[in-house]
Every structure is written in C-alpha cells, then in structure tokens.
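[1] Model the following, please.
(2 chains)
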Amino acid sequence: MPDNWGFVIAAYGLAAIVLIAYWRFLFRREKELDDARDVRQQLSHTREPNPARRGPLS
Amino acid sequence: MRRLLGGVTLLGLAAGLVMAFVVAPREVTQGSVQKIMYLHVPSVWVAYLAFGVVLVASIVYLIRRAEAADQLAHASAEVGVLFTGLTIATGSIWGKPTWGTWWTWDARLTSVSILFVMYLGYLLLRGMIDDRERGARFAAVLGIVAAFNIPLVHFSVYWWRTLHQPPSLMKPGPGTMPGIIVAALLVNFAAFTLLYVYFVAKRARLLRLEAEAEA
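    The predicted model follows:
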C-alpha cells in the first residue's frame, strides 16, 4: 500500500483542532465564571454592615 | 493541582506522539496510514471510559441525589461525546485508504454512531429541561440505559460479519501485535486517559461554578 501521509496529517490535524478548541472553551468559560464569582464576592463584602461604623444605639 | 495535571497530560501527549511517529515502526501492510491507530484506538478507549463513568455516577446520583455525582456524569458525558466524535472522524479518515470508502453501515460503525447519538441526546435532554433536579434525574436514567450500548459496540465485530477488524488489544487471549507497537499504543492510552481526567475535572468545576452562580 502506498504511503498516505495526507490522511495521517488530516486525522492528527483534526484531532488537534478539536481538542485545542475544547480546551480553549473550558479555559475561557472558567475565566468568565471565576471573574463573575470575584465580583459577587466583592459585592457581598461591600453590602455587609461594618460594626466599626455603628453608632452607640445600633 | 490541575495545572500539574495539565502539564503531565501535555508531556504524556508529546510522549505518545514520539512513540507513534519515531519509536513505532512503519507497519508493513498498511504503511504510514496505520499511525492513525495511535489516535483512533485511545479515543474509543476514552469514550468507553467516559460512558462507564456516566453509568456509575448516574447510579450514585439516583441513589444518593448527590449533586457532585450529577456534575461528574454531565462532564464525563460531554467529554465522551467529544472523543466518540473523534473516533468516528479518525476512523472514517483511516477507512478511506484502507477500505476504499469513508463510511459503510457495518455493525461496528453503526453501533458506535448510535452510541454517539444517544449521548448527544443525553446532553440535549439536560439542556432542554429547566428544572435542574428533574433534568438530572431524567439524564441519569438515560445515562444508564445508553451504557448498555457499550458492550454492543465492542462485541459487534464478533457478533456480526463486519468490515471493521476485531480488536487487537482489548480482547481475551494472547496478543498478535509486536511489543513495540503495543508499547506505543499503551503510552497513548495513558496520555489520553490523563487528558480525559483533566477535561472532566475542569468541566465538572465549571458546572459547579455555574450552579453557584445560578443559586
């Protein structure tokens, strides 16, 4: 059988594209969700009442 | 920890490529196109592993209603679909020069296509149901039912007359492949298994973060 390097390159190239694309999707989505969680945490910290600012009657 | 796993996976994949293209000899009958085996066979192994994990995690979810088990099943199914798609695509590319056709409706190819469509349906089902708990329950049932197709795929080459060759490695009895080809294949099996663990760990974490964001 003649060497069919074109088919080998096609198979490995396709696999590389698919796997890298999936990894990029996971990486970007993780960054989005981590950023969103940081914002949520910051907001919840700013909303918490600060005991040092309470007056004597509060 | 995940970074370390990612680094080890990358090294494993590089070692797999070296084993496939440098160390393993050129196969006499098929020539260079046989190199696709080092991609195609580990891909289907990961698909079997992924759907096996879906089966176990789905059973655990139905018994204990643990959200982590549902997230593991979801992540594993997604990665399994990815690798089943890769198996079908690389098999088709391998089939053209060796069989003379991109596709034929033989038992192995048909059963693996059914497996792919069933788990694609599993992912679609999860996306269609708004109630998270209900969707997880339905998906768990489908995840268990669809797993019965895995032995059908694997043994289809024995049960029916097919164009696809019988397994060379995952079979009972002594092997027929030279040791160096088996070694190259095993390195790729290990690398792809690491890639599966890395992808599933990352995807399961995303599902956890998404659930936190929705809560």
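[2] CA only for contacts and neighbour counts going forward, please
    OK.
[3] quick one: the nearest residue to B:Thr84 once chain neighbours are set aside from chain A, how far?
    Excluding the flanking residues, the one nearest B:Thr84 by Cα to Cα, 6 or more residues apart in numbering or on different chains is B:Ala47, at 5.5 Å. Remark: distance between B:Ala47 and chain A (Cα to the nearest Cα, to the nearest Å) = 14 Å.
[4] With B:Thr104 instead?
    18 Å.
[5] Backbone dihedrals for that residue, please?
    Main-chain dihedrals, B:Thr104, degrees, to the nearest 10: phi -150, psi 150.
[6] And the pLDDT at it?
    Looking at B:Thr104, its pLDDT reads 91.
[7] anything in the longest helix along chain B near chain A?
    Using DSSP state H, we find that the single longest helix of chain B is helix B:179-214. Yes - using Cα under 8 Å from any Cα of the partner chain, helix B:179-214 reaches chain A at B:199, B:202-203, B:206, B:209-210, B:213.
[8] Return the list of helices and strands in contact with that helix.
    With contacts taken as 3 or more Cα pairs under 8 Å, 6 or more residues apart in numbering or on different chains; DSSP states H and E, helix B:179-214 sits against helix A:5-47, helix B:2-18, helix B:37-64, helix B:67-99.
[9] Quick check: which of the ones you listed is nearest to B:Arg137?
    Closest approach to B:Arg137 among the helices and strands packed on helix B:179-214 (Cα to Cα): helix B:37-64, 6.8 Å.
[10] did I read that right, B:Pro167 in a strand?
    No - using DSSP: H, G, I helix; E, B strand; the rest coil, the secondary structure at B:Pro167 is coil, not a strand.
[11] And it, how close does it get to A:Ala10?
    With distances taken as Cα to Cα, to the nearest Å, B:Pro167 is found 24 Å from A:Ala10.
[12] buried set for stretch B:98-114?
    B:103, B:107-109, B:111-113 (16 or more other Cα atoms under 10 Å in any protein chain shown).
[13] Please work out which residues outside that stretch touch it.
    Contact with stretch B:98-114 is made by B:30, B:84, B:88, B:92-93, B:95-96, B:149, B:152-154, B:156-157, B:160-164, as judged by Cα atoms under 8 Å, 6 or more residues apart in numbering or on different chains.
[14] Does B:Leu5 touch B:Val200 like I think?
    No - assessed by Cα atoms under 8 Å, B:Leu5 is found out of contact with B:Val200, at 11.7 Å.
[15] Between the two, tell me which one has more neighbours.
    A count of neighbours by other Cα atoms under 10 Å in any protein chain shown puts B:Val200 above the other of B:Leu5 and B:Val200, at 23 against 15.
[16] Which ChimeraX command selects the buried ones in the contacts of stretch B:98-114?
    Of those, the buried ones can be selected in ChimeraX as follows, counting by 16+ other Cα under 10 Å:
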select /B:84,88,92,93,95,149,152,153,154,156,157,162,164
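[17] ok, back up a step: do you know which of the helices and strands packed on helix B:179-214 lies nearest B:Met118?
    Using Cα to Cα, the nearest of the helices and strands packed on helix B:179-214 to B:Met118 is helix B:67-99, at 9.4 Å.
[18] Spell out which residues of chain A are next to chain B.
    Contacts of chain A with chain B, taken as Cα under 8 Å from any Cα, map to A:1-5, A:7-8, A:10-12, A:15, A:23, A:26, A:29-30, A:33-34, A:37.
[19] centroid residue for chain B?
    B:Ala47 (1.4 Å; Cα atoms, centre = their mean).
[20] contacting residues around that residue?
    Contacts of B:Ala47 (Cα under 8 Å, 6+ apart): B:79-81, B:83-84.
[21] hmm, which two among these are most spread apart?
    B:Val79 and B:Thr84 (8.6 Å).
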